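Student: below is the sequence, then the predicted model.
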Amino acid sequence: MKRRGFLMASVAGAGLVLAEEAGVGGIAFAQADPLPSWNDTAPKQAILSFVQAVTTEGSPDFVPPSERVAVFDNDGTLWVESPIYTQLAFVIDRVRALAPGHPEWASTQPFQAVLDHDLAALSAAGEKGVIELLMATHAGMSTEAFDAVVTGWIATARDGRFKRPYTGLVYQPMLELLAYLRANGFETFIVSGGGVEFMRPWTEAVYGIPPQNVIGSSIRTELRMVEGKPVLMRLPQVDFIDDKAGKPVGINAHIGRRPIAAFGNSDGDYEMLEWVTKAEGRSLGMIVHHTDAAREYAYDRNSPVGRLVRGLDDAAAQGWTVIDMKADWGRVFGFDG
């Protein structure tokens, strides 16, 4: 679906309110339910109450539109991250595609593990091994070339369980939430541990979040002249890791304003949630808890992806709302009945 059609469909499906353009944050029109895929439970009410409080002029919690910033983790918060992160699936496919030009990979770890479909050996390679794979598959090309590779892959790759494009495995309730916030004067950002240039080619079409509103991990780039033209080349060096304590740092550097709402799903989002919700004034912190093995997946404390221990234990004391996927979402994906 073209971007305009996708966004229009999302708006219609979300039962959106339309914010006035005058910048006062009032509501011009509203349908009965702005979040139709959310069950009428505590998380939905927390969202509605928060938005009403910060957008109502005269309210003690009123926040001007210019200060309404909401940040969202991506993996496990906006789309599926289990059983492996989508970008890791991309890395694996890239290793296999590039392998004919690298015969040495057949006997060199962690590349051998990928080529032999040896998940145990790949897991044993740890973070160091994953970074080595990332550098081999994400660097050595221009930013434009990498954008084209990601765009081609995301258009054709399919998830193993659902047999659908990864961009079809976004959470319908979160799409509605994004659109609802924007309709009420919020600017929405992705703040993810994933690669920033892996996400930017498709986030606007899928989430309505433009590339400039995507914050993520990055590798270094360098301006070079190639055939008389300036290009940015991607280098095999890590520049920034946008995870855990790195998330507030990335938000501050990129946005320059402290958000008033943050949404995550794992302990990698803990510092971001804490930084946002410890500020003065009304704020909202929410954690997506994966509890629905039938419609998606159920995992938290012992999961190799999206591990959630500290956030789950501390949510009540921190004032964060935990979204129970099974109990609080009427449907998970847009294709659910």
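Tutor: Cool, the structure landed.

Student: what is the neighbour count of residue 301?
Tutor: Neighbour count of residue 301, defined by other CB atoms under 10 Å: 11. C-beta: built from backbone N, CA, C; applies to glycine.

Student: distance check, it against residue 312.
Tutor: 7 Å (CB to CB, to the nearest Å).

Student: do the same with residue 115
Tutor: From residue 115 to residue 312 the distance is 37 Å (CB to CB).

Student: what's the answer for residue 159, then?
Tutor: 26 Å.

Student: what's the first-to-last distance across stretch 34-52?
Tutor: 12 Å (CA to CA, to the nearest Å).

Student: could you pull out the buried residues of that stretch?
Tutor: Within stretch 34-52, the residues scored as buried using 16 or more other CB atoms under 10 Å are 34-35, 37-39, 43-44, 46-48, 50-51.

Student: ok, of those, which one's closest to residue 196?
Tutor: Proximity of the buried residues of stretch 34-52 to residue 196 (CB to CB) peaks at residue 47, which lies at 27.1 Å.

Student: from the contact counts, what lies against the helix or strand encompassing that closest one?
Tutor: Using DSSP states H and E, residue 47 sits within helix 42-55. Judged by 3 or more CB pairs under 8 Å, 6 or more residues apart in numbering; DSSP states H and E, helix 42-55 is in contact with helix 172-183, strand 284-289, strand 321-324, helix 325-328.

Student: need the residues that contact that helix.
Tutor: Outside helix 42-55, the residues that touch it by CB atoms under 8 Å, 6 or more residues apart in numbering are 19, 25-27, 34-35, 38, 59, 61-63, 68, 177, 180-181, 184-185, 260-261, 282, 284, 286, 321-324, 328.

Student: run the last query once more with 7 Å
Tutor: Helix 42-55 has contacts (CB atoms under 7 Å, 6 or more residues apart in numbering) with 25, 35, 38, 59, 61-63, 68, 177, 184-185, 260, 282, 284, 286, 321, 323, 328.

Student: figure out how far stretch 258-266 is from the centre of its chain.
Tutor: Remark: stretch 258-266 is offset 11 Å from the chain centroid, using CA atoms, centre = their mean, to the nearest Å.

Student: and stretch 325-336, by the same measure?
Tutor: With CA atoms, centre = their mean, you get 18 Å for stretch 325-336.

Student: can you show me the CA trace of that stretch as CSV?
Tutor: Extracted C-alpha coordinates of stretch 325-336, given in CSV (Å, rounded to 0.1, in the frame of the first residue of the first chain):
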residue,chain,number,x,y,z
MET,A,325,-0.9,-7.9,25.7
LYS,A,326,-3.3,-10.7,26.2
ALA,A,327,-5.7,-8.8,28.6
ASP,A,328,-5.4,-5.3,27.3
TRP,A,329,-5.4,-5.6,23.5
GLY,A,330,-8.5,-6.7,21.7
ARG,A,331,-6.3,-7.5,18.7
VAL,A,332,-2.6,-7.6,18.2
PHE,A,333,-2.2,-7.2,14.5
GLY,A,334,-4.2,-5.5,11.8
PHE,A,335,-5.0,-8.9,10.3
ASP,A,336,-6.5,-10.2,13.6
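
Student: I'd like the numbering to begin with 413 instead of 1 from here.
Tutor: Let's use 413 as the start, then, which means that last one is stretch 737-748.
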